[in-house]
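[1] this one's sequence-less:
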């Protein structure tokens, strides 16, 4: 019967850790690439998240990942 179709993966529900960039949907595994770019379209930061994660909550992590190169000696500034 069609009502007997398995709805969970074998062995129970497997939850991907939050820091992994893979999400699960009806279509399979998904991911999103969130970018901050300069006017010349050069990437300034890249954050990869699971596909089901919302776009708006990623705004802050994308901005925090931007590093400004320092001229001369020293480490990059935020």
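    Great, that's in hand. Just so it is clear, the structure is predicted and the values come from calculations on it, not from any experiment.
[2] biggest strand in this structure, by residue count?
    strand 28-37 (DSSP state E).
[3] Can you name the element that comes right after it?
    Next helix or strand after strand 28-37 toward the C-terminus (DSSP states H and E): strand 43-50.
[4] Would you mark the buried spots in the helix or strand that that next one is followed by?
    Tracing the chain C-terminally past strand 43-50 and defining elements by DSSP H and E, one meets helix 59-64 next. Under the neighbour-count criterion of 16 or more other C-beta atoms under 10 Å, helix 59-64 has residue 62 buried. Yep, even glycine has a C-beta here, placed from its N, CA and C like the rest.
[5] ok, residues contacting the helix or strand of the chain at the bottom of the mean pLDDT ranking?
    Lowest on mean pLDDT, DSSP states H and E among the helices and strands of the chain sits strand 23-25, with a mean of 72. Applying C-beta atoms under 8 Å, 6 or more residues apart in numbering, the contact partners of strand 23-25 are 16, 29, 30, 31, 32, 49, 50, 51, 52, 53.
[6] Poorly predicted segments of the chain, please.
    Applying pLDDT under 70 to the chain picks out residues 1-20, 76-78.
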